[in-house]
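S.K.: below are the sequence and a predicted model; questions follow.
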Amino acid sequence: MDDFPASQASPGLRRPRLSVVIPVHNGEHDLDRCLRRLRDTPDLDYELIVVDDGSTDGSASLAESFGARVIRHGRARGPAAARNTGALAATASLVFFLDADVAVHPNTLARALARFDADPSLSALFGSYDDRPESPGLISQYRNLLHHFVHQRGRFEDDTRTAQTFWTGCGAIRREVFLDAGGFDPDLYRRPAIEDIELGYRVTRAGGKIVLARDVLATHLKRWTLANVVRTDIFQRGVPWMLLMHRSKVEASDLNVDRSGRVSVAATGLGVLATAGMLAQPGLGLVSLFCLVTIILVNRDFYNFLARTKGRAFTAACFPLHLVYFGCCGVSVVIAKILWYGWLAKAEERVASTTTTRGMRLDEAESAAPTAPTPASTRVGRTSRWRR
């Protein structure tokens with residue numbers, strides 16, 4: 001029987017059932033709360049791996065004080081590379097990815113593990129934020145509640161529904177599936193973006209099964225600002241996701257790219273144009289009003305959820321933020337189409353015709369790379385872009 005390294009979270013010399021992988025970059029404050037919640041997880045054998053992605057604060061030392069196995073990147077390489085490093089170091093057959101600003105519930109890990117035990121065909125699952133975000137600001141409350149609502153709606157059976165995508169904020173995947181898929185792509189996503197969504201597309205296109213489990217919950221600790229929301233929605237999610245759909249030729253209808261979202265984006269764009277044209281043509285005010293009514297009707301379930309959770313005044317205050325969200329989605333579509341049809345489509349064709357190693361497994365790519373004293377994470381995943 002092999003011996004495996006153990007942390008305080010997984011005492012003894014045996015293979016743990018679960019490897020929890022947390023990437024962190026200068027996130028000491030939230031990481032402390034994240035690790036405290038993990039420490040309170042009862043009666044579950046897991047190993048804890050924290051990948052310090054070039055932090056300059058005390059994140060690594062803090063993780064070590066909680067008994068984590070800490071792997072350091074000498075410089076920041078992005079969350080995709082950091083998670084690849086953690087997954088390669090994991091000894092369990094299941095890898096549970098967790099963001100450093102996410103705090104699990106006492107039963108989060110156990111519920112995820114139970115679903116894998118009950119369904120051997122399950123490749124991966126992910127959960128959602130709960131409806132009790134801790135950051136008190138209006139923008140943070142709205143943002144985290146929007147995420148919760150999007151992940152909780154739809155047709156569920158036994159608290160799960162099939163998904164095309166994956167989410168690493170609070171999600172687990174079989175390590176073998178992760179390696180076979182080639183891991184995350186740190187070349188395509190060197191900064192926080194949609195590396196988890198892209199991996200989910202590859203897994204499902206290969207026949208893997210991913211589910212969204214709405215009873216696997218965690219609390220988001222992030223403090224949002226309006227500037228951060230706009231930057232994230234356009235450049236870290238919207239544009240990359242649209243480019244991914246073009247690249248993969250997948251017309252996604254999952255999560256926040258469903259039909260109601262598209263109607264809302266179109267109505268928001270038309271409403272903005274109509275409002276801008278009211279000075280020259282006052283009759284366009286009716287068009288603007290029609291667009292607002294359409295948005296309210298299409299999203300009435302979300303607004304009812306906000307009213308039940310936080311009250312009507314809070315819901316009214318969130319409405320302009322929701323319009324900003326739909327506006328960012330519309331801007332993302334325009335930018336992505338310009339980029340794709342302008343030059344990226346042809347560039348992708350050239351890359352596809354010259355790349356011969358894209359089908360290689362993550363661990364095979366690592367073993368094929370020339371040996372060097374640099375950490376494995378510097379080379380991980382560089383042959384794992386989208387399989388055409």
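M.R.: Now that the structure is in, tell me what you want to look at. Residues are numbered from 1 along each chain as shown.

S.K.: any idea how far residue 17 is from the residue nearest to residue 209 when sequence neighbours are not counted?
M.R.: Nearest in space to residue 209, with sequence neighbours left out and distances taken as Cβ to Cβ, 6 or more residues apart in numbering, is residue 123 at 5.1 Å. Any C-beta I mention is one placed from the backbone N, CA and C, and that applies to glycine too. As for residue 123, its distance to residue 17 is 17 Å (criterion: Cβ to Cβ, to the nearest Å).

S.K.: any residues touching the strand or helix carrying residue 141, and which ones?
M.R.: For residue 141, the host element (DSSP states H and E) is helix 138-152. Helix 138-152 is contacted by residues 127-131, 133, 135, 212, 214, 220, 222-226, 229, 255-256, 301-302, 305-306, 309-310, 314, 317-318, 321-322, 325 when judged by Cβ atoms under 8 Å, 6 or more residues apart in numbering.

S.K.: pretty sure the residue nearest to residue 209 is in contact with residue 172, am I right?
M.R.: No: Residue 123 is not in contact with residue 172 according to Cβ atoms under 8 Å; the separation is 10.0 Å.

S.K.: out of the two, which sits in the busier spot?
M.R.: Neighbours of residue 123 and residue 172, each counted by other Cβ atoms under 10 Å, are more numerous for residue 172; the result is 30 against 24.

S.K.: could you find the closest non-adjacent residue to the more buried one?
M.R.: residue 96 (4.3 Å).

S.K.: who's in contact with the one you found?
M.R.: Residue 96 makes contact with 18-21, 46, 109, 112, 171-172, according to Cβ under 8 Å, 6+ apart.

S.K.: among these, which pair sits farthest apart?
M.R.: 46 and 171 (14.9 Å; Cβ to Cβ).

S.K.: the two: which is more packed in?
M.R.: Comparing residue 46 with residue 171 by other Cβ under 10 Å, the one with more neighbours is residue 171, at 27 against 20.

S.K.: measure residue 207 to residue 200 for me?
M.R.: Computed as Cβ to Cβ, the residue 207 to residue 200 distance reads 13 Å.

S.K.: give me the more crowded residue out of these two.
M.R.: More neighbours surround residue 200 than the other of residue 207 and residue 200, with 26 against 8 (other Cβ under 10 Å).

S.K.: next, the residue lying closest to that one once chain neighbours are set aside: phi, psi?
M.R.: Nearest residue to residue 200 in three dimensions, chain neighbours excluded: residue 166, at 3.3 Å (Cβ to Cβ, 6+ apart). When read as degrees, to the nearest 10, the backbone of residue 166 gives phi -130, psi 160.

S.K.: wait, residue 166 touches residue 124, no?
M.R.: Yes: in this structure, residue 166 is within contact of residue 124 by Cβ under 8 Å, at 5.5 Å.

S.K.: intersection of neighbour lists for these two?
M.R.: Taking Cβ under 8 Å, 6+ apart as the contact rule, residue 166 and residue 124 both touch 173, 200, 203, 210.

S.K.: show me which residues of whichever strand or helix holds residue 317 are buried.
M.R.: According to DSSP H and E, residue 317 maps onto helix 312-339. Using 16 or more other Cβ atoms under 10 Å as the test for burial, helix 312-339 gives 315, 317-319, 321-333, 335-336.
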